[in-house]
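>>> build the 3D model from these lines:
(chains A and B)
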Amino acid sequence: MGRFIIRRLLYMVVVILVVSFITFGLMHAVPGGPFDAEKALPPDIIKNLEKRYHLDEPLVMQYLRYLNAVFIPQFSSEGLTGDVEDDSLVNIKITDTFWIKWMNFGPTFSSRSRTVNDIFRQQLPISVQLGLNALFVALILGIPLGIISALKQNTIFDYLSMSIAIFGVSVPVIVLGPLMIWIFAVTLKWVPATGWGAQPPYVLGVFPSDLGWKYWEKALMPSIALGLGSSAIIARLTRASLLQVIREDYIRTARAKGVKESMVIVRHALKNSMIPVVTILGPMIAALVTGTFVTELTFGIPGMGKYFVTSITNRDYPVIMGTILLYAVFLVVANLLVDIMYAFLDPRIRYD
Amino acid sequence: MAELLKVQDLETQFRVREGIVHAVNGVSFSLKEGETLGIVGESGCGKSVTVMSMLRLIPSPPGKVVAGQAFYQGKDLLKMSDEEIRHVRGSQISMVFQDPMTSFNPVLTIGRQVAEPLEIHQGMSRKQAYERVADMLELVGIPKAKARLNDYPHQFSGGMRQRVMIAMSLVCNPSVLIADEPTTALDVTIQAQIVELVKELRDKLGMAIIWITHDLGVIAGLADRMAVMYGGYIIETAPVKSLYANPTHPYTLGLLNSLPRLDTDQYRRLESIDGLPPILMDKPTSCPFAPRCTFVREHCLQENPPLLETGPDHYAACWVDTKTGRERA
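Below is the predicted model of the structure:
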């Protein structure tokens, strides 16, 4: 298993390199540039800006410069300087005058004082929190709904659960969000309409340090709104998978042994039926935790979602690269976790 | 010997989109303590459905036991509460299934699965149960059983898995073991081993056995009594010697003629039974075997024969005496 994980992490490096190459190529192939504006800037200023951000160099040089800054650890005589050109995600202090710095994703073009790493440090944790909440909602809603509808197939419970599921997939956040705000924030005044309750510093750089009502009063609505769609997918998958499993021979064997019906489901059927559900969790996690544009916009949450969209329209090259690479890393890691989960669910699956 | 199990007029139907499938049509048989009953018949004749109905393991819907009784030690299994029948299953009447590849839960260890009946019915702790399980696995011939408790089903071969399945069914010392085609999925040498094993265990533990098979050769050396099923009916039942020596029903005759035998001319052509198995959508008013029968008479098409006594303790559902070719009085 250890070797398998290491091998997969090495593959990840290859995946990231390929993704970075394609993204870099595509974003430079798109017409327009970061400094195009309605009222064109004087050519001299553009020239200066391009020089400052090395955009005047050949593309190959720019790409290699980017790879070097992001992937190759750099040695430096000082730690964080506050310079937007020199902001690394990983800063390891060896001695006072010898630092190893790694993953400098560069400055943003849209703000003179911010770097891509600032986005990762400040916006990403919020998106991760929202995403994990939504995932939690999706699981605690989706799996029981799926189980109920499978066990009570073709009864009112089945139809009710599946109606909720259909509602979940077919009503997008852009409809559900404002509806929830109108009901729970504007009319009932139970929760604030927008915002996010967690403040830095975050535990482990990601999780909120205070999980009280101050956090949840703002987190509850968007988490449910975002999680409902995913819960519907999980519910349908759980239902289909469980329906298949309870027709298996070994379920009959369990019944013939005198196992209680509830234990037949819990002990014999559930674990077997979770494999398709776990499969979908990989991409689902990656999509949820890297930020969701519409949900964050609807509920006024300062997360990462908007950068996926605005960086492209602004031709903010470092932000495009950063967000896409981040997504790729999450996707690969989430799928690796899924593969590890398989081995725990099904002893026939072994990696070596 | 005391009567352990008495099934009377058992009738099971499946409601499907095309109509009602009459899988079992009024089957009666009984089983004495320590007796071995062989139920034979072709695929789809209702052998498995009969025993599954008895233990209420028919998936419902679409299946439904519509009539009959199944008395186990005087109590009707079909009228028991779910909780009562659950305590009969696996502890007093247990089953061995056909396919040892799919009949084990792939994600649970053998130890846990075999120990489960002990934990449920005898309230043993897992540790106590594991000791008994190891002994039981030893008994069915699993080498180094203790070391294999934490193995998963896929780590066993087919024959070994069937041995484990037998251990699992006998772990609570049931008085009835139902073996539903336990050797069908195994190759011939393993089949013989499993049959030998069951014989040995029967002598040691003394349980009664219902052995379902479509292989007349396998059952001959094992059963005390035989029941031949066709189209959801028992069409002949007799002590095993009597059945093989004097097969009375044309279907039984056909089955036996289709077997290769060592004691006859080796150049004899094997016979087959013409026609196709019956469609179970309509309950027949005639003899269900009539369309394929070489002895068929007018009477056979008008009335479905009940089981008639044709010899000492030998019953067949046929209007025609196949020895003389004349209709029975």
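>>> so B:K64: helix, strand or coil?
With DSSP: H, G, I helix; E, B strand; the rest coil as the basis, B:K64 sits in strand.
>>> over to A:Y215?
Applying three-state DSSP: A:Y215 is helix.
>>> separation between it and A:G227?
A:Y215 sits 16 Å away from A:G227, going by CB to CB, to the nearest Å. Yep, even glycine has a C-beta here, placed from its N, CA and C like the rest.
>>> what do you get for B:F71?
Going from B:F71 to A:G227 by CB to CB gives 54 Å.
>>> neighbour count winner among those two?
Taking neighbours as other CB atoms under 10 Å in any protein chain shown, B:F71 and A:G227 compare with A:G227 leading, 27 against 17.
>>> show the model's pLDDT score for that one.
On pLDDT, A:G227 comes in at 93.
>>> the one 10 residues further on now?
Each residue has a pLDDT score; the one for A:L237 is 94.
>>> contact partners for B:T252?
For B:T252, the contacting residues are B:228, B:235-236, B:243, B:316, by CB atoms under 8 Å, 6 or more residues apart in numbering or on different chains.
>>> actually A:G106, not the one I typed
Contact analysis of A:G106 by CB under 8 Å, 6+ apart lists A:66, A:69, A:85, A:115-116, A:318, A:321-322.
>>> how close does it get to chain B?
48 Å (CB to the nearest CB, to the nearest Å).
>>> just the ones of the contacts of B:T252 in helices?
Judged by DSSP state H, the subset of these located in helices is B:L243.
>>> identify the farthest-apart pair in the contacts of B:T252.
Distance extremes for the contacts of B:T252: the farthest pair is B:I235 and B:L243 at 11.6 Å, using CB to CB.
>>> alongside chain A, which residues does chain B contribute?
Proximity of chain B to chain A (CB under 8 Å from any CB of the partner chain) is limited to residues B:55, B:57, B:59, B:82, B:86-91, B:94-95, B:97, B:99, B:102-108, B:116-117, B:120-121, B:152, B:154, B:168.
>>> which residue comes closest to the residue of the stretch 151-300 of chain B found nearest chain A once chain neighbours are left out?
For the stretch 151-300 of chain B, the residue closest to chain A is B:Y152, as judged by CB to the nearest CB, at 4.3 Å. Leaving out its chain neighbours, the residue that sits closest to B:Y152 by CB to CB, 6 or more residues apart in numbering or on different chains is A:P347, at 4.3 Å.
>>> ok, that neighbour to A:R239 distance?
Separation of A:P347 from A:R239 (CB to CB) stands at 25 Å.
>>> the more surrounded of those two?
Using other CB under 10 Å as the criterion, A:P347 and A:R239 rank with A:R239 on top: 25 against 16.
>>> next up, the contacts around residue 77.
Chain wasn't specified; assuming chain A. Residues in contact with A:S77 (CB under 8 Å, 6+ apart) are A:97-99.
>>> oops, wrong one, chain B.
B:54-56, B:70-71, B:85, B:88.
>>> intersection of neighbour lists for B:I235 and B:L243?
Both B:I235 and B:L243 are contacted by B:228, B:252, under the criterion CB under 8 Å, 6+ apart.
>>> using CSV, write out every CA atom in the helix or strand harbouring B:F71.
Element membership for B:F71 (DSSP states H and E) is strand B:63-72. In CSV, the C-alpha atoms belonging to strand B:63-72 read as follows (Å, rounded to 0.1, in the frame of the first residue of the first chain):
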residue,chain,number,x,y,z
GLY,B,63,-43.1,-14.5,-4.5
LYS,B,64,-45.8,-15.6,-2.2
VAL,B,65,-46.7,-18.9,-0.4
VAL,B,66,-50.4,-19.0,-1.1
ALA,B,67,-51.3,-22.3,0.7
GLY,B,68,-50.1,-25.1,2.8
GLN,B,69,-48.4,-25.8,6.1
ALA,B,70,-44.9,-26.7,7.0
PHE,B,71,-44.7,-28.1,10.5
TYR,B,72,-41.4,-28.2,12.2
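>>> that strand: partners in the sheet, and parallel or antiparallel?
Within its sheet, and counting by DSSP bridges, strand B:63-72 is paired with strand B:3-16 (antiparallel), strand B:75-76 (antiparallel).
>>> please identify the most buried of these.
strand B:3-16 (a mean of 19; mean count of other CB atoms under 10 Å in any protein chain shown).
>>> mean confidence for that strand?
Rounded mean pLDDT across strand B:3-16 is 89.
>>> returning to that earlier point: would JSON lines of the strands paired with strand B:63-72 with distance to B:G38 be doable?
What follows is the strands paired with strand B:63-72, written out as JSON lines (distance: least, CB to CB, whole Å):
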{"stretch": "strand B:3-16", "distance to B:G38": "15"}
{"stretch": "strand B:75-76", "distance to B:G38": "24"}
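>>> would you mind naming what in the stretch 151-300 of chain A lies close to chain B?
Taking CB under 8 Å from any CB as the contact definition, the stretch 151-300 of chain A meets chain B at A:247-250, A:252-261, A:267-268, A:271-272.
>>> redo that, cut-off 7 Å
Proximity of the stretch 151-300 of chain A to chain B is confined to A:248-250, A:252-253, A:255-260, A:268, A:271-272 under the rule CB under 7 Å from any CB of the partner chain.
>>> next, the distance between the ends of stretch B:224-234.
Using CA to CA, to the nearest Å, the end-to-end distance of stretch B:224-234 comes out at 17 Å.
>>> and that stretch, which residues are buried?
By 16 or more other CB atoms under 10 Å in any protein chain shown, the buried positions in stretch B:224-234 come out as B:224-234.
>>> then stretch A:237-244?
Neighbour counts using 16+ other CB under 10 Å place A:237-243 of stretch A:237-244 among the buried residues.
>>> centre-most residue in chain B?
Centroid-nearest residue in chain B: B:I212, 2.5 Å away (criterion: CA atoms, centre = their mean).
>>> am I right that it is in a helix?
No: counting by three-state DSSP, B:I212 is located in no helix; its state is strand.
>>> distance of it from B:T36?
12 Å.
>>> again with A:Q62
A:Q62 is 84 Å from B:T36, by CB to CB.
>>> please say which of these two ends up with more neighbours.
Comparing A:Q62 with B:T36 by other CB under 10 Å, the one with more neighbours is B:T36, at 23 against 17.
>>> quick check: the residue of the stretch 151-300 of chain B closest to chain A touching A:D346?
No: shown here, B:Y152 and A:D346 do not form a contact pair, counting by CB atoms under 7 Å, at 9.2 Å.
>>> any chance you could list residues touching both of these two?
Common neighbours of B:Y152 and A:D346, using CB atoms under 7 Å, 6 or more residues apart in numbering or on different chains, are B:P106.
>>> just how off-centre is the helix or strand where A:L242 lies within its chain?
Assigned by DSSP H and E, A:L242 belongs to helix A:213-245. Offset of helix A:213-245 from its chain centre (CA atoms, centre = their mean, to the nearest Å): 15 Å.
>>> just stretch A:319-327 next, same as before
That offset, for stretch A:319-327, works out to 12 Å (CA atoms, centre = their mean).
>>> what do you get for stretch A:147-167?
For stretch A:147-167, the distance to the chain centre is 29 Å (CA atoms, centre = their mean).
>>> what of stretch A:202-213?
Centroid separation between stretch A:202-213 and its chain, computed with CA atoms, centre = their mean, is 17 Å.
>>> what about it, average pLDDT?
pLDDT averaged over stretch A:202-213 gives 84.
>>> equivalent analysis for stretch A:147-157, please.
Averaging pLDDT along stretch A:147-157 gives 90.
>>> next, the residue in the stretch 51-200 of chain A that chain B sits nearest to: phi, psi?
Nearest to chain B, among the residues of the stretch 51-200 of chain A, is A:N154, at 8.9 Å (CB to the nearest CB). For A:N154, the backbone dihedrals (degrees, to the nearest 10) come out as phi 60, psi 30.
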